[in-house]
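Visitor: Need coordinates for the following:
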Amino acid sequence: MSIRAASKRVLALMRTRAALSAVSMMATMTAMMAAMIVVVFGNLSTIEAADRAVHHTRVVETAAADLLASSLDQETGVRGYGESRGEPAALEPYFAGQAKFSEELQTLYRLSSDSPQQTARLDALREGLNRWRSVYASPQLARPQSQIADPALAERGRVAMEEVRQLLDDLRAEEALATQEREEARDRAYTTARIVVGGVGLAALGFGASLGLWAVRASARREREALAFAKAKTRTLAVVSHEIRTPLNGMLGMLQAMAAEPMAATQKERLEVALESGETLTALLNDLLDASKIEAGRLELLEADFDLMRLLARMETAFGETARKKGVPLRIDIAPEAAGDWIGDKVRIGQILANLISNAVKFTDQGEVALSVDVPSAGLLRIAVRDSGMGMDEATLGRLFSPYAQASAETAHTHGGTGLGLAISRSLARMMGGDITVTSTVGQGSCFTLELPLQRGRSATTEPESARSLADLHVLAADDNAVNRQVLSAILPSLGVELTVVENGDQAVAAWREGAYDLVLLDLRMPLCDGFEAARRIRAEETPGQRTPLILLSGDVSASVRQQGREAGLDGFVAKPLDIHMLIEAMSAALPPAHTLAA
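Guide: Here you go, the predicted structure:
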């Protein structure tokens, strides 16, 4: 064999071995990649299970804390009732705490259904609170208002409530320990996952797998922290809102009643300032609550037919005068194909438009504010709000829709506000399947465009109706809060309404049986019989063809409350604090078209 032939054979053999080596390396790499994927997904599943366990115990801890707060509310209400010698308004914390305690206890039963030990603790807790009610709350509420406080009764109540607190402290301590143990187990799972993935990743692709796990862990941690913060903020704001809304309703109601009376120009001007301040406070409170509900995923949408022309007319009424006072006309242009009825959440769409128009008027000192409405394609409603104000640069546009963010510190100081309006508006638009976009030029103005995928309503030619006169209307109103009853007694008679006021649902049903009323207003949260139950009883006793319009008054504006109201037979809903114009509109809408006053 020649040297040349031998060389060729050696080269061929080398090429064959290189090819086999390459194939072997590729097979090994593929196997290692497959092993890495299996290990990664296995550890991610373990981590996910650990995260769920930690989340479960944190939810139980939160519910237990809410149980303690609601127990203290009940104790505060009963004690305040005794100290005030039977003032009904003092019982508001008692009834609110009673409802909250029942709700959170059911939540804990559901979360602890697989733990006999926890279920036994909850049974003992429920029995403890029932014992407190029997030895203290019920005797205290049954005592004549003229009698002085009974120290022996108060001591029995204190001892019984202390037992409830101890049971709750034990429950919270046990869950805190479980949380710590599960967090440690989760951390061990993270450590194991990092070691395994790191080793396999170094053998296969090195640093990438470890970086991916770090990203997953960091993302999960940020999500947990954000969720915990959102829930804590929602609970805090809900408590603050509950305490603020009753006095705020009294203040705004009385101011609106005074505004309808003749007075000197100076007094009128001062009253308008007070009203505007109260309305601003209400708007800020609503913004904070909406933001917290959106973060916690608890905001609900309520879709129904609404007349776009009427909604825009309200916007013009609300902001047109303010714009004219600044010398900035508010112009509204509506394409013919956009007029008529659409299906959507009228309240939330109105909230978005009010925010966009209010901002445009606020930041425009000359020129105009123009709102245009059209339908660029079937099923898509587009509303653009343009202003000739100061405009914004790219840096400002980048943070414009962030919560609690404003254009600048000077803007916040000059114009006020929470910096939540645009963040809430965009979140609402996206919940509806749409979005808000913005273009702006410094010194020339801005244009905010709202696009919503909406379907047409039943009628595309509905004309706005003017509110009916309420003069000589016979109205029955039920509210357990003395301040709220005073507000209704101040507002409605000034409109020519003949008003009868009672303190709870039982009295409302009894009064309705005895008298002929054109309309009934029912507060939601009342002792003995709430607004839902009163509505159901009235509907059950009505004569066919003699339906009495029923309207619910409530500080809870959630879609679930509105749905429960419709199921109970209510015809309308008005949020607290009461706005006289919204109240009149709801009453007018609830009356039948050919309304005949009660005899």
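
Visitor: Please name the residues that touch the spatially closest residue to residue 495 that is not a sequence neighbour.
Guide: Nearest non-adjacent residue to residue 495, counting by Cβ to Cβ, 6 or more residues apart in numbering: residue 470, 4.9 Å away. C-beta here means a position set from N, CA and C on the backbone, and glycine is covered the same way. Shown in contact with residue 470 (Cβ atoms under 8 Å, 6 or more residues apart in numbering): 492, 495, 496, 497, 584, 587, 588.

Visitor: what ranges of the stretch 201-350 of the chain fall below the confidence cut-off?
Guide: Applying pLDDT under 70 to the stretch 201-350 of the chain flags the ranges 201-220, 222-223, 225-246, 273, 276-277, 279-280, 283-299.

Visitor: now the helices for it?
Guide: 207-259, 265-296, 308-325, 346-362 (DSSP state H, counting those that start in this stretch).

Visitor: Tell me what angle the shortest one forms with helix 308-325.
Guide: So the one you mean is helix 346-362. Counting by axes from the mean of the first three to the mean of the last three Cα atoms, to 10 degrees, helix 346-362 lies at 20 degrees to helix 308-325.

Visitor: quick one: average confidence on whichever helix or strand comes after helix 346-362?
Guide: Counting by DSSP states H and E, the next helix or strand C-terminal to helix 346-362 is strand 369-377. Average pLDDT, strand 369-377: 95.

Visitor: on that earlier part again, give me the pLDDT value at the residue nearest to residue 495.
Guide: Looking at residue 470, its pLDDT is 79.

Visitor: my read is it is in a strand, agree?
Guide: No - applying DSSP: H, G, I helix; E, B strand; the rest coil, one finds residue 470 to be coil, outside a strand.

Visitor: Okay, it and residue 187: tell me how far apart.
Guide: 65 Å (Cβ to Cβ, to the nearest Å).

Visitor: what's the domain layout of the protein?
Guide: Split into domains by automatic domain parsing, the chain comes to 30-205, 244-296, 304-456, 474-590.

Visitor: will you turn the ones you listed into a markdown table that also has mean neighbour count and distance to residue 224?
Guide: What follows is these, written out as a markdown table (neighbours: other Cβ atoms under 10 Å; distance: least, Cβ to Cβ, whole Å):
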| stretch | mean neighbour count | distance to residue 224 |
| --- | --- | --- |
| domain 30-205 | 16 | 7 |
| domain 244-296 | 16 | 14 |
| domain 304-456 | 17 | 19 |
| domain 474-590 | 19 | 26 |
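
Visitor: Find the nearest non-adjacent residue to residue 488, please.
Guide: By the measure of Cβ to Cβ, 6+ apart, the closest residue to residue 488 outside its immediate chain neighbours is residue 477, 4.9 Å from it.

Visitor: Correct me if wrong, but that neighbour is in a strand.
Guide: Yes - under three-state DSSP, residue 477 sits within a strand.

Visitor: isn't it right up against residue 497?
Guide: No - with contacts defined as Cβ atoms under 8 Å, residue 477 does not count as touching residue 497, sitting 9.5 Å away.

Visitor: Which SSE is immediately downstream of the worst-scoring helix or strand of the chain on mean pLDDT?
Guide: Ranking every helix and strand in the chain by mean pLDDT, DSSP states H and E puts helix 409-415 at the bottom, with a mean of 45. Downstream of helix 409-415, the next assigned helix or strand under DSSP H and E is helix 421-431.

Visitor: list the helices and strands that next one packs on?
Guide: Contacts defined by 3 or more Cβ pairs under 8 Å, 6 or more residues apart in numbering; DSSP states H and E place helix 421-431 against helix 265-296, helix 346-362, strand 435-441, strand 445-453.

Visitor: Dump the ones you listed into TSV; add distance to residue 519 as well.
Guide: As requested, the helices and strands packed on helix 421-431 are exported to TSV (distance: least, Cβ to Cβ, whole Å):
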stretch	distance to residue 519
helix 265-296	25
helix 346-362	22
strand 435-441	39
strand 445-453	34
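
Visitor: Residue 377: which of those is closest?
Guide: Proximity to residue 377 (Cβ to Cβ) singles out strand 445-453 among these, at 9.6 Å.

Visitor: Quick one: list the elements packing against that closest one.
Guide: helix 346-362, strand 380-387, helix 421-431, strand 435-441.

Visitor: strands paired with it, and their directions?
Guide: Strand pairing for strand 445-453, determined by DSSP bridges: strand 380-387 (antiparallel), strand 435-441 (antiparallel).

Visitor: and for the shortest one, what are the contacting residues?
Guide: When you say that, I think you mean strand 435-441. 352, 356, 391-392, 396-397, 400-401, 422, 425-426, 429, 446-451.

Visitor: ok, 6 Å please
Guide: 391, 392, 425, 426, 429, 446, 447, 448, 449, 450 (Cβ atoms under 6 Å, 6 or more residues apart in numbering).

Visitor: need the contact list for the fifth one.
Guide: Right, the one you point to is residue 429. Residue 429 sits next to 435, 436 when contact means Cβ under 6 Å, 6+ apart.

Visitor: so what pLDDT did it get?
Guide: pLDDT recorded at residue 429 is 93.

Visitor: if we can go back for a sec, for the residue nearest to residue 488, list each beta-bridge partner.
Guide: Applying DSSP bridges, one finds that residue 477 bridges with residue 501, residue 521.

Visitor: you'd agree it is up against residue 502?
Guide: No - here residue 477 does not reach residue 502: they are 7.4 Å apart, not a contact under Cβ atoms under 6 Å.

Visitor: tell me how far the ends of stretch 487-505 are from each other?
Guide: Chord length of stretch 487-505, first to last residue, is 18 Å (Cα to Cα, to the nearest Å).

Visitor: quick one: average confidence on that stretch?
Guide: 90.

Visitor: try stretch 123-138
Guide: Mean predicted confidence for stretch 123-138 is 83.

Visitor: how far is that stretch from where the chain is centred?
Guide: 32 Å (Cα atoms, centre = their mean, to the nearest Å).

Visitor: Could you do stretch 133-146 as well?
Guide: Relative to the centre of its chain, stretch 133-146 is centred 36 Å away, using Cα atoms, centre = their mean.

Visitor: Equivalent analysis for stretch 386-399, please.
Guide: 29 Å.

Visitor: end-to-end on it?
Guide: One end of stretch 386-399 sits 20 Å from the other (Cα to Cα).

Visitor: Mind checking the pLDDT average for that stretch?
Guide: The average pLDDT within stretch 386-399 is 89.

Visitor: Could you give the bridge partners of the closest residue to residue 333 other than its chain neighbours?
Guide: Leaving out its chain neighbours, the residue that sits closest to residue 333 by Cβ to Cβ, 6+ apart is residue 372, at 4.6 Å. Beta-bridge partners for residue 372, by DSSP bridges, are residue 333, residue 384.
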